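J.: Sequence and predicted structure are below.
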Amino acid sequence: MKNKFQRYISYTAVIIMLIWHAVLSAQQQQPQRFPRPEFEGGYVFPERQYPDQRGPIWEYVDVAVLVIALSITSWMVIKKRSRKGILLMSVFSLAYFGFYRQGCICAIGSVQNISLALFSKDYAIPLSVLMFFMVPLLFALLFGRVFCASVCPMGAIQELTGFRQVRVPVWLNSTLSAIPFVYLGLAVLFSATGSDFIICRYDPFVGIFRREAPYTMVIFGSLLLITGIFVNRPYCRYLCPHGVLQRIFSSFSVRHLKISPDECKSCRLCESGCPYDAILRSDAVREDEQVSKPFNGSLPYLLIVPVLAAGLGILMYNLSPVLSGASADVRLAREIKLERDKGIKATSKAATAFLESGKTEDSLYAEEARITGRFRKGAPWVGIFLGLSLGIGLFRFTIRNIRTEYEPDRGRCYSCGKCFKFCPVKAKTQ
Amino acid sequence: MESKEDKFSTRREFVKTAGRLAAIIPLAAIPVVLSKKEKVRGYVWQIDPMKCTACEQCRTNCIMTPSAVKCTNANPMCGYCDFCPGYLRQGAKKYSTAAEDQLCPTGAITRRFVEEPYFEYTIDEKLCDGCSKCVKGCGDFGNGSLYLQIMHNLCQNCNQCAIARKCPSDAVIRVPASRPYIRKDEGAENRAKVARMMKVRPPFHKWDFPPDIELSQSC
Amino acid sequence: MALFKKNPSTPVILAAVVFTSAFLYWIFADPVRGLAARVPGMDNRPPQKPVSDSVFIGENFEALGREVIAAPGDWPRFRGTGFDNISTENVPVAETWDTTGPPVAWRLSLGEGYAGAAVHNGRVYVLDYNEKRKADMLRCFSLDSGRELWRRWYTVQFKRNHGYSRTIPAVTDKYVITIGPRSHVMCADPQSGALLWTLDLEKVFGIPGTVKGKITPEFYCGQCPLIDNGVAVFAPGGKAIMVGVDCSSGKVIWETPNPDSLRMSHASIIPMTIGGKKMYVYSAIGGVCGVSAEDGDTGRLLWKTTEWSPSIVVGSPVYIGNGDIAVFGSYGAGGAVVRVKAAGTGYDISVVGKHKSSEGLASEQQTPILKNDYLWCVLPENAGANKKQLACFRKSDLMSPVWTSGKENRFGKGMGPFIMRDDKLFLLDDDGNLYLFRIERSTATLLASHRVLDAIEAWAPMALAGKYLILRDQRNMLCIDIGKKN
């Protein structure tokens, strides 16, 4: 009994000491760095609540909405073949991803986050961004460009404002179609080197979604929309970098929109029904034609592919010092160097701030060297990508494709369903 | 003829399958590669008050008008001075609430008498446009309790913050979304916690948040 | 629709009604009804009444020790004997320190504040604020041991506003004079501590019916007293911009009227001789003025200017020769040169070279040191690229430094004190790092540095007496032996 009591005493003593220690250390941990006012009237510091971002659960809601919207569109495009349904989906996407989510979260921009995460040790992306990148491409591989059709808010706003249809001459169309490749290449290069997110910076429509934009963005966006009334989907066709990936993935799609619900009669009624010239004509082998091999005599042209890839790779390598100017650190280092050499006082705000900061010039120059080094490594690969794309695009002209029916060009078709109404063939009822 | 067709279609099928594989392999590889990285809820943009030089760029460069950047007062650091250099214009002869004596161009700072000689300063965020004139005023000689923060109920969390691109002192940085504010009135331990969470260092700007920074260095 | 069909004029009437109501709304709606004018008095500041507290200056005394071992060394007032912050004593300074830093002779803890020490006849005088007793306390210590000899105090209540204590006493062989944070002047015997006389500047020179008599400035009084030929000189503002008090009797012997309502700043009176005329120069809030310090017309206002008037002035004026006085303002106000030229019986005053703190020589609270045509200063936080650096300016050009310590060498928040002897400059940064520089013409070489104190706001001016350097932060005072070892 006595023993037990003694033990309790020692426990209590230990506990009291611990508490006392905690109290003491708590007092010590609040150094009176700032002489606080001596309030006598019992004043308490107001507690400010700092507002948080939307809860993380909403990001998953966005992903779910994306998957559902893509599924419905795929069903509308492939099974239901309903242009009206696709249009309704466009309205929904424009409302939800556009005006409600204000254009961010965005599959088009996510390519930058992905490439930055891949090439930078320090940056990770949340699952939702990864999903926004992967899911649309996965659907493209399965069902064609259903994302472009009516889920992408940028596509939707252009789809809903494309009232007239003006044909673009083939040479112009093909030339302009090269821009997205360059855009994508540069966007990946700039984001992978941690320099800039150009896709977001030059997004034309986000200002409309936010109803808040600098005037340059307003002008650019409205010019595109006005152009789009006549030349449909100008952003998708001649700018969108994500469209390049969609195009590649959709080319190998498992199932794709068909113009005719049943067997094509090659009646030519749909020939002019596509505003994007994405309908490949029926081109069966004629009697007088000698086609033993589709690649007949075209294989030497395949040489153009490596030549172009190497050439553009070298060109981009030589351009890398220019391109590295996209990085603010590189620009600052160059300005400081120049001002030092010429004995000019700091002119830009960044230079002023740098001189005020504790950073040394050597560390800045080291940073510049590191970033330009990354550009030198990355730029040739962008050149090779551009060379390959251009080479393969040119090479494809040499191939004789044999088609017995009118079918959409899987790469370029936006699965918008405008061609449905031109086909006179009725689906056979089972 | 038929065999030729077959040949073409099989070749075409082969190209398609190869293309599909070529497309799906990198697509599948991306999550595998990225899964090695620490899981994050993502980042939000925030101003590091230690690096901010109150250059007024936040007011004009935010895509929002008025800017999502607002001034905030760390009350435990505030001196509650009657002569507040963040509230009163340089050269103001009276310490009053008259417009001609105030420094804030939009009148977003309100002051309230607490007790002799102390005044409480509060920011009306609806009026504040993040011009940082008061931040500079307070930092000149005062405690530096006024500082800028990006308010996340207003911030659109752009992929690339337009202010970050223009910030001359690299003060606009990505911080973990679970700790979206860098508060000056938080203790050193809390700051250390943020710094520890930033094991995944955000790109664009070097994360040189000293883990054991003391409030004194911030003023 | 049916309605429209029955009566074809209905839509017209409807449109007219809509248009009329919209028009009326446009005319009568007040677009600024949500706005409130920003006028004085929105902060609920209560009508301020003059404080009528009865302070018995110097009422309490306590003797603590007696024997004093006379240690050589003299730093009798703010900025030293020559008002230039340069010690002229012939005591060599150690040029290197051990890894443990220069030896600490003694240390003591004080009430929160920024009051520095004065040294005379082997004694150290500090006007402390005792937070427990809520009293201004003049404390006298022995220079070589740091032992307290006596203390004289009086209760005065005021609230902490960036600490309490602020000023450095002025000591001569016969008098020690202090000014408390609430502008209470006390004169005591420097040996025994016996109270000689007192003066409440707020009560005597204050304007009746105003708060603190329009005397004590924001953040309390930071003016250090001046004893010149047995006359104590103060700049109270209020009824008189400057007054002379006979040290032996405590009687006010001259007063300089204050028609421009200049107010007391945190700067101190600096005697200068301009054009052969000795004068007291004071950089007040609202303007700068010069008052004659010569027999015959002592106390006469010689000149004044209101052209230089920052909201807060802490740095004291520095005479840079040729009639030019460098003046400084705080909170980014920067500096300027007041040019005083004798013209007939009076003076021509012009303010030239006004610059912001980012554009040239500036000081938030310390006063630059003039040494051989060069001005030395630690530039403040808001000085742009040169911020928080030790900088040297040619006295003819206060806009562009001829030398700076570089961005690798920045000193705290740029508000710590610095002091000189011969070609040595001691610099204490806000955080308690002490640096020793050698000055050669316009460049400084770092000889040694050591963190002598884990300091908070070490802003008090230092005292350099004999081989001792006395410095402090908010709560600790340190006496450091910086003398050369044999």
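T.: Thanks, I have it. Nothing here was measured: the structure is a model prediction, and the numbers come from that model. Numbering: from 1, shown residues only, chains lettered A, B, ... in the order given.
J.: Check which helix or strand A:L364 maps to.
T.: A:L364 belongs to helix A:361-396 when elements are defined using DSSP states H and E.
J.: got the buried residues for that helix?
T.: Applying a neighbour-count criterion of 16 or more other C-beta atoms under 10 Å in any protein chain shown, the buried positions in helix A:361-396 are A:364, A:367-368, A:371-372, A:374-376, A:378-391, A:393, A:395. Bear in mind the C-beta positions are built from the backbone N, C-alpha and C, glycine included.
J.: So which elements touch that helix?
T.: Helix A:361-396 sits against helix A:179-192, helix A:304-323, helix A:328-342, with contacts defined as 3 or more C-beta pairs under 8 Å, 6 or more residues apart in numbering or on different chains; DSSP states H and E.
J.: Minimum distance to chain C: which of those helices has it?
T.: The closest of the helices and strands packed on helix A:361-396 to chain C is helix A:328-342. By C-beta to the nearest C-beta, the value is 11.6 Å.
J.: Quick check: residues of chain C near chain A?
T.: Selection of chain C residues close to chain A by C-beta under 8 Å from any C-beta of the partner chain yields C:112, C:159-163, C:384-385, C:387, C:407-408, C:410, C:456, C:474.
J.: Pick the one among those closest to chain A.
T.: Using C-beta to the nearest C-beta, C:A385 comes nearest to chain A of those, at 3.6 Å.
J.: wait, is the closest one part of a helix?
T.: Yes - judged by DSSP: H, G, I helix; E, B strand; the rest coil, C:A385 forms part of a helix.
J.: if I read this right, it contacts A:E339, doesn't it?
T.: No - using C-beta atoms under 8 Å, C:A385 makes no contact with A:E339, being 11.6 Å away.
J.: how deep is the residue nearest to C:E440 when sequence neighbours are not counted tucked in, by neighbour count?
T.: Closest residue in space to C:E440, ignoring its immediate chain neighbours: C:D423 at 6.8 Å, by C-beta to C-beta, 6 or more residues apart in numbering or on different chains. Neighbour count of C:D423, defined by other C-beta atoms under 10 Å in any protein chain shown: 15.
J.: Quick check: the gap between C:D423 and C:R441.
T.: As judged by C-beta to C-beta, to the nearest Å, C:D423 and C:R441 stand 10 Å apart.
J.: residues of the longest helix that chain B contains that come out buried?
T.: When secondary structure is assigned using DSSP state H, the longest helix within chain B turns out to be helix B:2-35. Of the residues in helix B:2-35, those with enough neighbours to count as buried (16+ other C-beta under 10 Å) are B:8, B:19-20, B:23, B:27, B:30, B:34.
J.: likewise stretch C:451-470?
T.: C:452-453, C:455-470.
J.: Next: stretch B:119-129.
T.: Neighbour counts using 16+ other C-beta under 10 Å place B:119-121, B:123, B:125, B:128-129 of stretch B:119-129 among the buried residues.
J.: Could you dump these into a markdown table with pLDDT, distance to A:G162 and secondary structure added?
T.: Formatted as a markdown table, the entries for these read as follows, by pLDDT from 0 to 100; distance: C-beta to C-beta, whole Å; DSSP: H, G, I helix; E, B strand; the rest coil:
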| residue | pLDDT | distance to A:G162 | secondary structure |
| --- | --- | --- | --- |
| B:F119 | 93 | 61 | strand |
| B:E120 | 94 | 58 | strand |
| B:Y121 | 94 | 55 | strand |
| B:I123 | 94 | 47 | strand |
| B:E125 | 91 | 42 | coil |
| B:C128 | 95 | 42 | coil |
| B:D129 | 94 | 39 | coil |
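J.: which one of those sits closest to chain C?
T.: The shortest gap between chain C and any of the buried residues of stretch B:119-129 belongs to B:F119, at 6.2 Å (C-beta to the nearest C-beta).
J.: Quick check: the closest one touching B:F113?
T.: Yes - with contact taken as C-beta under 8 Å, B:F119 and B:F113 are classed as touching, separated by 5.8 Å.
J.: where do the contact lists of the two overlap?
T.: With contacts taken as C-beta atoms under 8 Å, 6 or more residues apart in numbering or on different chains, the residues that reach both B:F119 and B:F113 are C:43, C:45.
J.: Rank the helices and strands of chain C by mean pLDDT and give me the bottom one.
T.: Ranking every helix and strand in chain C by mean pLDDT, DSSP states H and E puts helix C:2-6 at the bottom, with a mean of 61.
J.: Downstream of that helix, the next helix or strand is which one?
T.: Using DSSP H and E, the helix or strand that follows helix C:2-6 towards the C-terminus is helix C:10-28.
J.: Tell me which other helices or strands that following helix touches.
T.: In terms of contacts (3+ C-beta pairs under 8 Å, 6+ apart), helix C:10-28 is packed against helix C:2-6.
J.: Per the annotation, how does the chain divide into domains?
T.: Just going to use chain A. Structural domains annotated on chain A: A:58-271+A:409-422, A:299-396, as defined by automatic domain parsing.
J.: if you could check chain B rather than the one you did, that'd help
T.: Split by automatic domain parsing, chain B gives B:1-36, B:43-218.
J.: now, which of the buried residues of stretch C:451-470 lie close to chain B?
T.: With respect to chain B, and counting by C-beta under 8 Å from any C-beta, the subset of the buried residues of stretch C:451-470 in contact is C:456-457.
J.: Tell me which of the buried residues of stretch C:451-470 fall in helices.
T.: Checked against DSSP H, the buried residues of stretch C:451-470 include nothing in helices.
J.: Tell me which of the buried residues of stretch C:451-470 fall in strands.
T.: Using DSSP state E to define strands, the subset of the buried residues of stretch C:451-470 located there is C:463-465, C:468-470.
J.: wait, the residue nearest to C:E440 sits on C:I439?
T.: Yes - counting by C-beta under 8 Å, C:D423 touches C:I439, with 4.9 Å between them.
J.: I'd like to know how far A:L319 sits from A:G313.
T.: The gap separating A:L319 from A:G313 is 11 Å, by C-beta to C-beta.
J.: Comparing those two, which shows the higher neighbour count?
T.: In terms of neighbours (other C-beta under 10 Å), A:G313 is the more surrounded of A:L319 and A:G313; the figures are 20 against 16.
J.: Now for the nearest residue to the more buried one once chain neighbours are set aside: which residues touch it?
T.: The spatial neighbour of A:G313 that comes closest, neighbours along the chain excluded (C-beta to C-beta, 6+ apart), is A:G383 at 3.8 Å. The contact partners of A:G383, by C-beta under 8 Å, 6+ apart, come to A:185, A:309, A:311-317.
J.: Now do A:G383 against chain C, distance only.
T.: Taking C-beta to the nearest C-beta, to the nearest Å as the criterion, A:G383 is separated from chain C by 40 Å.
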